[in-house]
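Q: When you get a sec, could you give me coordinates for this:
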Amino acid sequence: MIFSRGSTLCALGSLLCALCPSLCALGEAKPGVDFSVSEHGLGSLSFNGQSLLASPHGGELQSAQSLFRNVTDAVLDKSSSPATRSQTKDAVDLTYPWGNVSCAYSKKGENEIVLHIGITNSSKEAIPDVSVRLMELNFPSVPEGMTLEAGMFGFGFKGKPAQMGTYPLMADPEFVVPIVRVDYGNSTLNFCSDDVESLVGVLYPTNRPANTSYPFLVACRNIGPGSSKTFTVSLRFGPSASSVRDLSGDVLKRYADKYPFQVKWSDHRPIGAIYLASSGIKVPTNPRRWIVNEGKIDITTDEGKTKFREALLKLADASVNVLEDCHAQGMITWDPEGQEFPGACYYGDPRLTSTLAPEMEFKGSSPSSTVDAYFQRFRAAGLKVGVCIRPQQITMVDGKPVQGVADDQHAAEVLKSKIEYARKRWGCTLFYIDSTVGKTHAALSPDVFKSVADAYPDVLLMPENESMRYFACSAPLNSYVHHKITSTPVGARMVYPKAFSVLLAAEGYRPEDNDALVDAVRNGDILIFNCWYQNPGVSKVEEICRRASSASEDRGQKSDNR
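A: Now for the predicted structure:
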């Protein structure tokens, strides 16, 4: 049989389309986002011709297990019927025994698809949250992803995405700006809660070990009985080099407007750390394990208490000299209550100093107690003073302190009470807040620290375990010496440009981190160093601060000369 050239090409084209439909689709690919809506959700979704749905089933709107609760709420049935096409154009509905969830799809510009999620609660009970699987996207290779979360101890967002598949990416607006970034091949996708009201998440892959298919979920909170709420989320696409700000600058601004930066602390000079006791001290006459005189003290007699007082004030004077050598702004004392019961340390309750360390109240022939005289030595030198506090409440059981469990409902009031006591008695304005975790060992709600900051805007709060939003009202403490944290997380500064951290540098720095710490200080971070004795870290911290100051002055001069 003889074929003409044209008929041969047509036949070849038909064969290729039959063998690989995606090649034909690429030939007709539209630039930017392209999608269609089926009876049950998205029928197709592509960006620059790259299909992101393995099948129409991947675009179905589905009910999902709650992202907030481990156990399904027994009051309301969360099961739903399959999604069905809505009478509204490009929308589908999920029907529950308690009400309805609708999702309307629309295109914004060339590179964005917007999903308007409407929830109607027809029941007589409030619904804490509704979680919905919006779609399951299939990527050409294992993607990389990240959120802007600072994470516990600052291990979270470092500015670079990491390969996905090991853990889900969740962005809860209570803690962090709700954006999940996914990088795949030559494109980037930002999954955003546009109104910063709902949690967005990209969960575990469904096709291990390939790890290329991921469910995209949203969780919407607080739908009152007999009411309706609308939530808006979006998928924003761009080239692989696109930054979070490039694609979602409006969401960053909206979040910062909703949770504004309120830290009013202008002094960024270093802070000294003082530990008055040590668990390594084991002297029967020194049950609080004080380190003065190498622990060889006797607080069981008035003569011994007098010597303890003299030694403690001598330590204070030596610390003042170290602080002045380093041009520090002040100091934090971790344990004015001692460390008699290591299992409960650091106690973090200055109100219990007289109970846990009664020798601190000893006056002898002086008008002031030992502990009051100790703090006064620093204030007299023009230095700020501070203490370690905790959001947990101590209960004395059989004469021993037992730390309670912190919770979002009571932690703020516990902290306020401790701050008020230390401010009034010793003039404290620096507060390291230890163990800022709740019952589930997750970080306490940022609302706790906002409440404290609202009540005491003239103090510096330094919580141990942070989320990104903590930076709006505090300067979280992270450990350089333990975890090599060398700066405020990039994600925090992306939302709050003036955010800063307190970095525990102990006895200085490793040579390879010198430049990183100089940059950190130049950008506003504060170093904490051991100051109760002379150590090599003092000169190292002073050097870092001097270099940072010189770099800032050079920048200012260059700016003036332009």
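Q: Model confidence for Ala411, exactly?
A: Note for Ala411: predicted pLDDT of 97.
Q: Tell me if I'm right that it and Asp447 touch.
A: No: using C-beta atoms under 8 Å, Ala411 is not in contact with Asp447, being 9.6 Å away. Bear in mind the C-beta positions are built from the backbone N, C-alpha and C, glycine included.
Q: which intervals of the protein have sub-threshold pLDDT?
A: For the chain, the stretches flagged by pLDDT under 70 are 1-29, 67-80, 87, 151-159, 551-562.
Q: Mind checking which of Ala411 and Asp447 has more residues around it?
A: Neighbour count, other C-beta atoms under 10 Å: between Ala411 and Asp447, Ala411 has more, with 26 against 15.
Q: dump the residue contacts of that one.
A: When contacts are counted by C-beta atoms under 8 Å, 6 or more residues apart in numbering, Ala411 is found next to Pro391, Gly438, Leu444, Val448.
Q: Need the nearest residue in space to it, chain neighbours excluded.
A: Pro391 (3.8 Å; C-beta to C-beta, 6 or more residues apart in numbering).
Q: just checking, what packs against the one helix or strand Arg245 maps to?
A: Secondary structure assigned from DSSP states H and E places Arg245 in helix 244-258. With contacts taken as 3 or more C-beta pairs under 8 Å, 6 or more residues apart in numbering; DSSP states H and E, helix 244-258 sits against strand 179-184, strand 187-193, strand 227-239, helix 490-495.
Q: For the ones you listed, give me a markdown table that also has mean neighbour count and distance to Tyr204.
A: Below are the helices and strands packed on helix 244-258 laid out as a markdown table (neighbours: other C-beta atoms under 10 Å; distance: least, C-beta to C-beta, whole Å):
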| stretch | mean neighbour count | distance to Tyr204 |
| --- | --- | --- |
| strand 179-184 | 24 | 14 |
| strand 187-193 | 25 | 15 |
| strand 227-239 | 19 | 19 |
| helix 490-495 | 23 | 22 |
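Q: Switch these over to JSON lines; also include distance to Lys384.
A: Shown next, in JSON lines, are the helices and strands packed on helix 244-258 (distance: least, C-beta to C-beta, whole Å):
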{"stretch": "strand 179-184", "distance to Lys384": "37"}
{"stretch": "strand 187-193", "distance to Lys384": "40"}
{"stretch": "strand 227-239", "distance to Lys384": "45"}
{"stretch": "helix 490-495", "distance to Lys384": "24"}
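Q: Ala475 is nearest to which of these?
A: The closest approach between Ala475 and any of those, judged by C-beta to C-beta, belongs to helix 490-495 at 10.4 Å.
Q: Do you have the strands of the stretch 401-550 of the chain handy? List them.
A: Counting by DSSP state E, counting those that start in this stretch, one finds strands in the stretch 401-550 of the chain at the ranges 430-433, 460-463, 477-479, 502-506, 526-530.
Q: what's the closest of the ones you listed to Asp372?
A: Comparing those by C-beta to C-beta, strand 430-433 comes nearest, at 17.4 Å.
Q: which other helices and strands contact that closest one?
A: strand 330-333, strand 384-389, helix 411-426, strand 460-463.
Q: gap between Gly99 and Cys220?
A: According to C-beta to C-beta, to the nearest Å, Gly99 and Cys220 sit 12 Å apart.
Q: Now do the shared contacts for the two.
A: With C-beta under 8 Å, 6+ apart as the test, Gly99 and Cys220 both reach Ile119.
Q: re earlier: between the helices and strands packed on helix 244-258, which one is nearest to Gln534?
A: Gln534 sits nearest to helix 490-495 of all these, at 34.2 Å, using C-beta to C-beta.
Q: Centre of the chain to the closest one, how far?
A: Once both centres are worked out by C-alpha atoms, centre = their mean, to the nearest Å, helix 490-495 turns out to sit 10 Å from its chain's centre.
Q: Remind me what that helix packs against, helices and strands.
A: Secondary-structure packing of helix 490-495 (3+ C-beta pairs under 8 Å, 6+ apart): helix 244-258.
Q: which residues are contacting the helix it packs on?
A: 148, 173, 177-179, 181, 188, 190, 192-196, 236-238, 494-496.
Q: Give the buried residues for that helix.
A: Buried residues in helix 244-258, defined by neighbour count with 16 or more other C-beta atoms under 10 Å: Val244, Leu247, Ser248, Val251, Leu252, Arg254, Tyr255, Ala256.
Q: Check the residues you listed against Val405 and report the nearest one.
A: For the buried residues of helix 244-258, the nearest to Val405 is Tyr255 (29.9 Å; C-beta to C-beta).
Q: Nearest residue to that closest one in space, please, no chain neighbours.
A: Leaving aside its chain neighbours, Tyr255 sits nearest to Val177 (4.2 Å; criterion: C-beta to C-beta, 6+ apart).
Q: helix/strand/coil for that neighbour?
A: coil (DSSP: H, G, I helix; E, B strand; the rest coil).
Q: Against Val33, how distant is it?
A: Separation of Val177 from Val33 (C-beta to C-beta): 22 Å.
Q: returning to that earlier point: how about the helix holding Arg245 as CSV, C-alpha atoms only?
A: Provided in CSV are the C-alpha atoms of helix 244-258 (Å, rounded to 0.1, in the frame of the first residue of the first chain):
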residue,chain,number,x,y,z
VAL,A,244,7.8,32.9,49.0
ARG,A,245,7.6,36.7,48.8
ASP,A,246,7.5,36.7,45.0
LEU,A,247,4.3,34.5,45.0
SER,A,248,2.7,35.4,48.3
GLY,A,249,3.8,38.8,49.5
ASP,A,250,0.2,39.8,50.0
VAL,A,251,-0.3,36.9,52.4
LEU,A,252,2.8,37.8,54.4
LYS,A,253,1.5,41.4,54.8
ARG,A,254,-2.0,40.3,55.7
TYR,A,255,-0.5,38.0,58.5
ALA,A,256,1.8,40.8,59.8
ASP,A,257,-1.2,43.1,59.9
LYS,A,258,-3.3,40.6,61.8
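Q: Now do that helix against strand 179-184: the angle between them, please.
A: Interaxial angle, helix 244-258 versus strand 179-184 (axes from the mean of the first three to the mean of the last three C-alpha atoms, to 10 degrees): 170 degrees.
Q: Downstream of helix 244-258, the next helix or strand is which one?
A: Using DSSP H and E, the helix or strand that directly follows helix 244-258 along the chain is strand 271-274.
Q: mind listing what that next one pairs with, with the direction of each?
A: Here strand 271-274 is paired, per DSSP bridges, with strand 330-333 (parallel), strand 526-530 (parallel).
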